[in-house]
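Turn this into a structure:
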Amino acid sequence: MSFLIEGVQALTWQQVVMYAVGILLIYLAIEKGYEPSLLLPMGFGAILVNLPFTGVLDQTLQGGIQANGVIEWLYNVGINASEAMPILLFIGIGAMIDFGPLLSTPQMFLFGAGAQFGIFAAILLATVLGFDLKDAASIGIIGAADGPTSILVSQVLHSKYIGAIAVAAYSYMALVPIIQPFAIRLVTTKKERQIHMEYNPASVSKKMRIAFPIVVTMIVGLVAPQSVALVGFLMFGNLIRECGVLGTMSDTAQNTLANLITLLLGISISFSMRAEYFVTKGTLMVMLIGLFAFVMDSIGGVFLAKFMNLFLKKKINPMVGAAGISAFPMSSRVIQKMALEEDPSNVILMHAAGANVSGQIASVIAGGLVINLVTSLL
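Numbering: from 1, shown residues only. Okay, here's the model as predicted:
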């Protein structure tokens, strides 16, 4: 009868810790509603891959029989071999995005760039703390505030912290309503947060909406070719949305495809959450540096807006700069909520949405640039 308790006897304290991490992620997904489509499968997967002798990982059974585990297979095929799942997810994301607010106020492009400051600040911090360049760059990309980009970059650079990076990226994305107000209030005054902005959008024609994803893909492909898979699939999804002749396909990309890939991505990435690799001092440092990256993203966007205000007659509410992160549309909603708390008549949602959409493009370009820079130095 000893085989009945063999699994219990094989438990390690690190695996018990991972059960707690898995349950915490499931709790945040269900009770708090934080990114449930990702955190729930990641949390359940963390439990699955840390069961002793688990059948979801490849293993050798008694008699030398090789058994293939489904989660390890999904990870190897969908992420390790081709990065297919995070890239395919961008089709669905692109189909969800309306670039209209950005195209009507093109100056918002600048905030997408400014709010990527956290990436490079975090890379510098991680390097100073002793991480090698490929791990430091992978950790820094948490500041892209974009889960698929974080997974892709850490996988391409072969970081050993991919599980921790994925958990940090999606957890902090879910905590944007808590992190961003804290960061913004650190570097703004009440008067600055009360600045009103006029919204007189230029009309955006259908031709411009169709041309935009094509032109962006070509420019990014020439300037930052390592970004072309990310940007190209994002823009392809948007082209499906805007072309006007693929309504059913657009709906499928936004719903069925995005949900299916998100589900599979969440449970597949749990392969990197095995206790022996996850419960380490390095993981804790990754989580802390990731939080630093998110805070610096918001601060970078705010400081860019403040700098621009030195030369502008019509001032920009600095909070709009913080909306330049990739967490769309959550960040723009958070900024609008903060504006209303400071002044119930202040509506800056469309400006924030334009900056937020710009952050989607900037984050994937930044991911490609990081890959290009690091691979050229290694």
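
Give me the pLDDT value at the spatially most central residue of the chain.
The chain has D146 as the residue nearest its centroid, 1.5 Å off, counting by CA atoms, centre = their mean. pLDDT, D146: 84.

dump the residue contacts of it.
Contacts for D146 (CB atoms under 8 Å, 6 or more residues apart in numbering) come out as A169, M173, S326, A327, Q360, S363, V364, G367. Quick note: C-beta positions are derived from backbone N, CA and C, even for glycine.

Please indicate which of those are buried?
Burial by neighbour count, judged by 16 or more other CB atoms under 10 Å, picks out A169, M173, S326, A327, Q360, S363, V364, G367 from those.

With respect to T283, which of these is nearest?
The shortest approach to T283 among the buried ones among the contacts of D146 belongs to A169, at 13.4 Å (CB to CB).

element containing the closest one, please.
Using DSSP states H and E, A169 falls within helix 162-174.

Buried by neighbour count: which residues of that helix qualify?
162-174.

Low-confidence bits of this structure, can you list those?
Low-confidence segments of the chain (pLDDT under 70): 1-4, 61-65, 378.

Which residue ranges of it form strands?
Secondary structure of the chain (DSSP state E): strands located at 59-60, 66-67.

any idea which of these is most buried?
strand 59-60 (a mean of 12; mean count of other CB atoms under 10 Å).

want to try CSV for the contacts of D146, with distance to L246 as columns?
Output for the contacts of D146, formatted as CSV (distance: CB to CB, whole Å):
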residue, distance to L246
A169, 30
M173, 29
S326, 25
A327, 27
Q360, 21
S363, 25
V364, 22
G367, 27
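
So which of those is the closest to P344?
A327 (24.8 Å).

before we move on, the earlier item: packing partners of the helix holding A169?
helix 13-30, helix 36-48, helix 133-140, helix 147-156, helix 258-269, helix 275-278, helix 281-309 (3 or more CB pairs under 8 Å, 6 or more residues apart in numbering; DSSP states H and E).

what's the last one packed up against?
When contacts are defined as 3+ CB pairs under 8 Å, 6+ apart, helix 281-309 packs onto helix 109-114, helix 117-128, helix 133-140, helix 162-174, helix 176-187, helix 318-322.

which residues touch the fifth one?
Contacts of helix 176-187 from elsewhere in the structure, counted by CB under 8 Å, 6+ apart, are 145, 172, 193, 291, 294-295, 298-299, 302-303, 318-319, 322, 325, 327, 330-331, 334-335, 337-338.

That helix vs helix 281-309, what angle?
60 degrees (axes from the mean of the first three to the mean of the last three CA atoms, to 10 degrees).

what does the fourth one give?
Between the axes of helix 162-174 and helix 281-309, defined by the same axes, to 10 degrees, the angle is 40 degrees.

try the second one
Put simply, helix 117-128 runs at 140 degrees to helix 281-309, going by the same axes, to 10 degrees.

helices or strands next to helix 117-128 in the packing?
Partner elements for helix 117-128 (3+ CB pairs under 8 Å, 6+ apart): helix 133-140, helix 281-309, helix 349-377.

Quick one: work out the angle between that helix and helix 133-140.
140 degrees.

Output the helices and strands packed on helix 117-128 in JSON lines; the columns should cover distance to M42.
Below are the helices and strands packed on helix 117-128 laid out as JSON lines (distance: least, CB to CB, whole Å):
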{"stretch": "helix 133-140", "distance to M42": "18"}
{"stretch": "helix 281-309", "distance to M42": "14"}
{"stretch": "helix 349-377", "distance to M42": "20"}
